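In: Sequence and predicted structure below; questions after.
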Protein chains: 2
Amino acid sequence: MSAGNRQIVLVRNPSGEFDPDTFEIRHAPIPRPGKGEFLVRNLYLSLDPANRLWAAPFDSYVERVPLGQVMRGFTVSQVIESRHPKFKAGDLVQGMDGWQDYAVSNGVNYNQEGKIDTWNIRGIVKAGLPISSALSVLGTTGLSACVGMLSLGMPRRGQTVLVSGAAGAVGQIAGQLAKIRGCRTVGIAGGPQKCRLLRRVYGYDAAIDYKRGDLDAAIAKACPRGVDVYFDNVGGDTLNVALTHLAMAARVIICGAISQYTTAETQGIQGPSNYTYLLFRRARMEGFIVLDHYVKERARMEADLIRWIRRGRLHWRDEIVDGLENAPVAVNRLYRGANMGKLTVKIADPQELPRGPGRAAVAKRKATKKRLSRAGAGR
Amino acid sequence: MSAGNRQIVLVRNPSGEFDPDTFEIRHAPIPRPGKGEFLVRNLYLSLDPANRLWAAPFDSYVERVPLGQVMRGFTVSQVIESRHPKFKAGDLVQGMDGWQDYAVSNGVNYNQEGKIDTWNIRGIVKAGLPISSALSVLGTTGLSACVGMLSLGMPRRGQTVLVSGAAGAVGQIAGQLAKIRGCRTVGIAGGPQKCRLLRRVYGYDAAIDYKRGDLDAAIAKACPRGVDVYFDNVGGDTLNVALTHLAMAARVIICGAISQYTTAETQGIQGPSNYTYLLFRRARMEGFIVLDHYVKERARMEADLIRWIRRGRLHWRDEIVDGLENAPVAVNRLYRGANMGKLTVKIADPQELPRGPGRAAVAKRKATKKRLSRAGAGR
């Protein structure tokens, strides 16, 4: 490992998938934290469908990443040096420290009011869960499932819940949360392997392989009483067909539109012509961004999720790719539906820091590290 | 006037606007009410954008009108003979008694649980308002504005509210309700005459003439802080452009999609490709059908509306066409945007009935009739 800071820089807006011209690797010096800042070493990098939106030449729910800057990304990191009152060297945190080895942060990543939302993952470590889970079931994707399915979808016992991209990072959790609420859950995914996973591991009552065609008939068969909550990760035809199956007063949760991200610039986004079913079925379609909910709700949601994991009611799958340098190629697995579960890049292991706290703290950190390596990465 | 019952029967599903082949006039005998039923004489017939949906060869929020049956329509009627415990001869009621002179009803029109929703309009008569208003500001369209704007839109003081079809039957009321709530109101309509009406009579802060082009720039100019509530009556391009102007946590109320009704079968419905702004702006798009709200909420909504009318805070315009036989041609005015305000057909005046109650009741009814003719039809 180089002593410097490897940075993956966005140099060209992709058209279609990310391609070899999209990024350049730059070697920069390790930055130093100013007053009120801290330096982190990134350990895990989250690869998310939204990455493609951020790299587009237009603003979406956040501003685009400017050309020439380090690619934006959610991370799990270790604090190396701190001049920030809330973080100290050795802390393991989840933030948004980008596609690079090191970053300086002031603890504010996404909060629009400037509140600190870098998240100390001590609760995850204490529960014996892998630190990479702070990017998946206990991170952006699991928390998206919580906000979208539970707070907005409000599924009630006996209702039918349909999830697209159901074997993906958010979908896998969303279906299980609906199951915990006592719903009939139906998942849509691509291919027999994912569909088996939906039924056998994530407890879906029915799985629909959209690659087999006739999605309309398949949804009708799997959801004979209509769809009370449709949790959409994909957009396009899948959304449009699902709208015609809404039950009265249904909720459609727009979590993402992955089928549209790589073609938005060239072909435009496909509008759901069946949006009139919102009228016909007195239904609601709602979008959300999980980052809005972090400051107020993350602690509660994390506690809920950990409780369900411990009781064996919530399972998840991480797909971990080794090496920061592989992120630019690996990210395209998302747009091809090649990933099973949460796609994450491992950059480094947590380190025992050479300086800082006294003996007791060091001993404690050693024990922590042991737990981490026992829990491993992914499940 | 013929002694029989003129009925306008749907004989062919239109493609495009209603055309001369769509309907036939049939002369039938006046029906007799069975036990639990009552006979009405229709006085006013409501012409609504949804008429075109009902005449299509597919079901929408209600079942299609079967070929060979009397065209469905909201009506104000007078009870002629009653074998129903809740209605008596002479009552003026608002129901759904179709494009015909006479009908027999059991009092259940739209309620899905079979509850009685034929509405005695004594409150409207008592307030000295024209009985035709039971089809406009105090009927389906005014109540749609109430449910959509107030219950679902939830506009708050200082927010910006955008209404399409703003000079139409629902739009004219929706904007004024937002104004009563203390909002900045912006209306979209076609042509300078309607735009003047929006500003001068309905109190819109700004009016946008969509026929002048560049709707995007016009909305940006009129709504510099974005749109908190978008109340959509038209669909198509207008909806799609409006979505890009949503403020954070905005509410999009889908009340109708009149631009799409006459082309749905031939060209399909235009899906709003900018639905992704629901995600970007953490916004909600919701449809509703006012008929769902009648049994529980009509009395309260009517009282609210009458109070605002009396205080001079709510104005409306009815466009009344004389003669049932003119309904099939007049209805197309809606799809051309040719109407100003609520389009209604006058079929007959209320009658003094030849038999029935004693002297006092007759005297009371005479006084009522006098009030009606003073109030006139429309405003």
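Out: Ah, there it is. A quick note: this is a predicted structure, and the numbers were derived from the prediction, not measured.
In: Need the three-state assignment for A:P328.
Out: Following DSSP: H, G, I helix; E, B strand; the rest coil, we place A:P328 in the helix state.
In: mind listing the helices for chain A?
Out: In chain A, the segments counted as helices under DSSP state H are A:50-54, A:122-126, A:140-145, A:171-180, A:192-200, A:215-222, A:236-243, A:258-261, A:264-267, A:277-280, A:294-310, A:327-330, A:359-375.
In: so who does the residue lying closest to A:A283 once chain neighbours are set aside touch?
Out: Residue nearest to A:A283 in three dimensions, not counting chain neighbours: A:A250, with 4.2 Å by C-beta to C-beta, 6 or more residues apart in numbering or on different chains. In short, each C-beta sits where N, CA and C put it, glycine included. Neighbouring residues of A:A250 by C-beta atoms under 8 Å, 6 or more residues apart in numbering or on different chains: A:226-230, A:281, A:283-284.
In: out of the residues you listed, who's nearest A:G191?
Out: A:Y230 (21.1 Å; C-beta to C-beta).
In: can you put the contacts of A:A250 in JSON lines and add distance to A:S105?
Out: Formatted as JSON lines, the contacts of A:A250 follow (distance: C-beta to C-beta, whole Å):
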{"residue": "A:G226", "distance to A:S105": "46"}
{"residue": "A:V227", "distance to A:S105": "41"}
{"residue": "A:D228", "distance to A:S105": "41"}
{"residue": "A:V229", "distance to A:S105": "36"}
{"residue": "A:Y230", "distance to A:S105": "37"}
{"residue": "A:R281", "distance to A:S105": "45"}
{"residue": "A:A283", "distance to A:S105": "41"}
{"residue": "A:R284", "distance to A:S105": "37"}
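In: closest to B:S82 among those?
Out: Distances from B:S82 to the contacts of A:A250, taken by C-beta to C-beta, are shortest for A:R281, at 35.5 Å.
In: Backbone dihedrals for the residue in chain A that chain B sits nearest to, please?
Out: Proximity of chain A to chain B (C-beta to the nearest C-beta) peaks at A:G271, 2.9 Å away. When quoted as degrees, to the nearest 10, the phi and psi of A:G271 stand at phi -80, psi 140.
In: Quick check, it in contact with B:G271.
Out: Yes. At 2.9 Å, A:G271 counts as touching B:G271 under the criterion of C-beta atoms under 8 Å.
In: Can you name the residues of the stretch 101-250 of chain A that neighbour chain B?
Out: With C-beta under 8 Å from any C-beta of the partner chain as the criterion, the stretch 101-250 of chain A meets chain B at residues A:235, A:240.
In: hmm, try it at 7 Å
Out: Applying C-beta under 7 Å from any C-beta of the partner chain, we find that the stretch 101-250 of chain A lies next to chain B at A:N240.
In: Low-confidence ranges, the stretch 101-250 of chain A, go.
Out: Within the stretch 101-250 of chain A, no stretch has pLDDT under 70.
In: Enumerate every residue touching A:E37.
Out: A:83-84, A:104-106 (C-beta atoms under 7 Å, 6 or more residues apart in numbering or on different chains).
In: A:Y44 now?
Out: A:75-76, A:131-132, A:135, A:344-347.
In: swap the cut-off to 8 Å and go again
Out: A:Y44 touches A:75-76, A:131-132, A:134-135, A:320, A:344-347, A:377, counting by C-beta under 8 Å, 6+ apart.
In: ok, the nearest residue to A:E17 once chain neighbours are set aside to A:T262 distance?
Out: In space, and not counting its chain neighbours, A:E17 is closest to A:N332: 4.6 Å by C-beta to C-beta, 6+ apart. Separation of A:N332 from A:T262 (C-beta to C-beta, to the nearest Å): 9 Å.
In: got any residues that touch both of these two?
Out: Joint contacts of A:N332 and A:T262 (C-beta under 8 Å, 6+ apart) are A:E17.
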